[in-house]
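*Asks:* Predicted model and sequence below, questions to follow.
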Amino acid sequence: MSRGFDHLFKLLIIGDSGVGKTSLLLRFSDDAFNGCHITTIGVDFKIRTLVIDEKRVKVQIWDTAGQERFRTITSTYYRGTHGVIVVYDVTDGGSFKNVRRWLDEIQNNCGVLNVILVGNKNDDPEKKVVATDDARRFAESCDIELFETSAKDNIGVNEMFHSITRQVLRDKIQTDKQEDEQKKATIKLIKSNKSKKRKCCR
Ligand SMILES: Nc1nc2c(ncn2[C@@H]2O[C@H](COP(=O)(O)OP(=O)(O)OP(=O)(O)O)[C@@H](O)[C@H]2O)c(=O)[nH]1
């Protein structure tokens, strides 16, 4: 029986409290928006299946708490993670400054991963304090992709989730291919060693 998908990936959303992590997930999973800030306690997740490069990809997206006091079991969140969405609020310079800290947390917990940087609440130019150019320069210096989104007005949300999933998928296909080539090379080596041995024995 078909399991209904070709790949299953786990994505994690991190960033300061109040930047809109839950709102981004709610927009993506249910196409809804809630004007209230209900602090996430611990972790929550949603699942969606996307079609990318003709593959059915099931994504399990974990929404973590931004508040320090709810982040006592951080390393367990990272277990089995394929990609991380780091969110800041374009109307809050402090949340952008803290992005460095979140990137360090990723490094400390799981090393190199597919990461995307997201400037959320990009729906009121008068309130915007983090310039797109500054964010882009920073993202380029870290070699990660930048998206500016609005969970409220549904701007860039779908594109952002598709993009990180595509990154993860392409990375997985590349790794599988390399492993396959390595396996083939090992089998070839074993075979040639065997035939050499046989030659010696005769
Ligand atoms: N204007 C605007 N407000 C937003 C947007 N996204 C979220 N908000 C508001 O920002 C507040 C915080 O949003 P949440 O999604 O709860 O933030 P969070 O990052 O999950 O917060 P924690 O669970 O505490 O880590 C809420 O009042 C949201 O309505 C957006 O795109 N635009």
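*Replies:* Everything's here; your move.

*Asks:* Pull out the buried positions in the worst-scoring helix or strand of the chain on mean pLDDT.
*Replies:* Across the helices and strands of the chain, the lowest-confidence element by mean pLDDT, DSSP states H and E is helix 74-78, at a mean of 78. Buried residues in helix 74-78, counted by 16 or more other CB atoms under 10 Å: Y77, Y78. Every residue, glycine included, has its C-beta placed from N, CA and C.

*Asks:* which is the next helix or strand following it?
*Replies:* Later in the chain than helix 74-78, the nearest helix or strand by DSSP states H and E is strand 83-89.

*Asks:* hmm, who's touching that following strand?
*Replies:* 9-16, 18-21, 24, 95-96, 98-99, 102-103, 106, 113-121, 130, 135, 160-161, 164-165, 167-168 (CB atoms under 8 Å, 6 or more residues apart in numbering).

*Asks:* any idea how far it is from the chain center?
*Replies:* Averaging C-alpha positions (CA atoms, centre = their mean, to the nearest Å) puts strand 83-89 8 Å from its chain's average.

*Asks:* Other residues contacting whatever helix or strand comes next after it?
*Replies:* Next in sequence after strand 83-89, counting helices and strands by DSSP H and E, comes helix 93-97. With contacts defined as CB under 8 Å, 6+ apart, helix 93-97 is touched by G15, D16, G18, V19, Y88, D89, V90, G119, V129, V130, D134, A135.

*Asks:* how does it look with 6 Å?
*Replies:* D16, V19, Y88, D89, V129, V130 (CB atoms under 6 Å, 6 or more residues apart in numbering).

*Asks:* quick one: the first one and N98 touch, right?
*Replies:* Yes: using CB atoms under 6 Å, D16 is in contact with N98, at 5.4 Å.

*Asks:* Compare neighbour counts for those two and give me the winner.
*Replies:* Neighbours per residue (other CB atoms under 10 Å) separate D16 from N98, with D16 holding more: 22 against 17.

*Asks:* So which residues on this protein come close to the ligand?
*Replies:* Within reach of the ligand by CB under 6 Å from any ligand atom, the chain has these residues: 17-23, 34-40, 65-67, 120-121, 123, 150-152.

*Asks:* Just the buried ones out of these, please.
*Replies:* Those of the residues of the chain next to the ligand that meet the buried threshold are 17-23, 40, 65-66, 120-121, 123, 150-152, by 16+ other CB under 10 Å.
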